[in-house]
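**Student:** Next comes the sequence, and after it the predicted model I'd like to discuss.
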Protein chains: 2
Amino acid sequence: MRELVLDILTEQKMAISLSDLEQKFHKSDRVTLYRTLKTFEEKKLIHSIDDGTGAVKYALCKESCQCHPEELHVHFLCLKCQHTFCLNDIPIPFIKLPVNFSIENINMVVKGVCSNCKD
Amino acid sequence: MRELVLDILTEQKMAISLSDLEQKFHKSDRVTLYRTLKTFEEKKLIHSIDDGTGAVKYALCKESCQCHPEELHVHFLCLKCQHTFCLNDIPIPFIKLPVNFSIENINMVVKGVCSNCKD
DNA sequence: ATTAGTTTGCAACTCAGTTGCATAAACTTT
DNA sequence: AAAGTTTATGCAACTGAGTTGCAAACTAAT
Ligand SMILES: [Mn+2]
Ligand SMILES: [Mn+2]
Ligand SMILES: [Zn+2]
Ligand SMILES: [Zn+2]
């Protein structure tokens, strides 16, 4: 199962959710896929994206990725096709927090219309 | 009910979720509070914040707020106390998107430790 | 008082995420 | 190869947030 899931994740151009993944199999168990994604995430093969649609999506990490806050990138949710893209080339800008606030992680999701759905 | 809810929202220093709100009443109906929050949000009295904890939180808007993307601010989730703060003074920085991507909205949540929980 | 519109309460449902437990499969040791 | 051990999978069942339909309670207007 894990190999099949990894294949699917590799060929995706956008992030996919657990139920997206489920539909790529004719016969599959939700829980197995769920646990596979969890395992992959733990091992830092993939990262999860909460784009606010209600279902967490997942995408492959880049080779070097350690999922550290410095190397985080912006995500984009298209409000027309509902696809979520990793904007790997767009790092999350530095934020100056109030005094005594320390930072561990950032989630930044830009919502709008993607180039495919334009017009 | 709406007046009571507005009072509670006004005295909050941080954003609160529906279930937080529910617990501020001895006897209350979840659905009424839910619909009250929806109404307030529609009327732009409050804005909702999805900080990734699984429950949407709500906070009063500033007087002038029209909830337009230009006037959006950063939110902060403390990983220790789980409190979510509006960083009203910290606007969301401008992001240069790939060509033909248009922007309608941004959600930016910084996670870390707040000043109260420091040390 | 009658009517019409609005707000509230209850029941019930959806859907994502999660857990426990038993079985199946894979891997180790003898 | 057989027995024992660990790991992966499948099924059932549950949680919690969010949501909807419907009827009763309330409010305001005629
Ligand atoms: Mn990504
Ligand atoms: Mn806010
Ligand atoms: Zn699109
Ligand atoms: Zn804190």
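**Tutor:** Okay, I see it. Ligands and ions are numbered 1, 2, ... in the order given.

**Student:** so where do the helices sit in chain A?
**Tutor:** Counting by DSSP state H, chain A has helices at residues A:2-11, A:18-22, A:30-42.

**Student:** So which bits of chain A are right by DNA strand D?
**Tutor:** Proximity of chain A to DNA strand D, by CB under 7 Å from any atom of the strand, involves residues A:1, A:2, A:28, A:29, A:31, A:32, A:35, A:36. C-beta: built from backbone N, CA, C; applies to glycine.

**Student:** please redo it, this time with the cut-off set to 6 Å
**Tutor:** Applying CB under 6 Å from any atom of the strand, we find that chain A lies next to DNA strand D at A:1, A:2, A:29, A:31, A:32, A:35, A:36.

**Student:** From the residues you listed, list the buried ones, please.
**Tutor:** Buried subset of those (neighbour count, 16 or more other CB atoms under 10 Å in any protein chain shown): residue A:36.

**Student:** State which one residue of chain A is found closest to DNA strand C.
**Tutor:** Going by CB to the nearest atom of the strand, DNA strand C is nearest to residue A:56 of chain A, at 3.3 Å.

**Student:** Next up, the contacts around that residue.
**Tutor:** A:17, A:18, A:48, A:49, A:50 (CB atoms under 8 Å, 6 or more residues apart in numbering or on different chains).

**Student:** Let me know the distance separating it from residue B:82.
**Tutor:** The gap separating residue A:56 from residue B:82 is 19 Å, by CB to CB, to the nearest Å.

**Student:** any bit of the lengthiest strand in chain A sitting next to chain B?
**Tutor:** Counting residues, the longest strand found in chain A (DSSP state E) is strand A:102-113. Yes: using CB under 8 Å from any CB of the partner chain, strand A:102-113 reaches chain B at A:102, A:103, A:104, A:105, A:106, A:107, A:108, A:109, A:110, A:111, A:112, A:113.

**Student:** how about low-confidence regions in chain A?
**Tutor:** A:69-70 (pLDDT under 70).

**Student:** how far away is the residue of it positioned farthest from its centre from residue A:80?
**Tutor:** Centroid-distance maximum for chain A: residue A:99 at 30.7 Å, with CA atoms, centre = their mean. Between residue A:99 and residue A:80 the distance is 41 Å, computed by CB to CB.

**Student:** Tell me how many other residues surround the nearest residue to residue A:96 once chain neighbours are set aside.
**Tutor:** Spatial nearest neighbour of residue A:96, chain neighbours left out: residue B:90 (7.3 Å); criterion: CB to CB, 6 or more residues apart in numbering or on different chains. Other residues lying near residue B:90 total 17 when counted by other CB atoms under 10 Å in any protein chain shown.

**Student:** Run through the residues that contact residue B:90.
**Tutor:** A:95, A:96, A:97, B:73, B:74.

**Student:** who wins for neighbours among these?
**Tutor:** Most crowded among the contacts of residue B:90, counting by other CB under 10 Å, is residue B:74 at 22 neighbours.

**Student:** for that one, what are its contacts?
**Tutor:** A:95, B:87, B:90, B:91, B:92, B:108, B:109, B:110.
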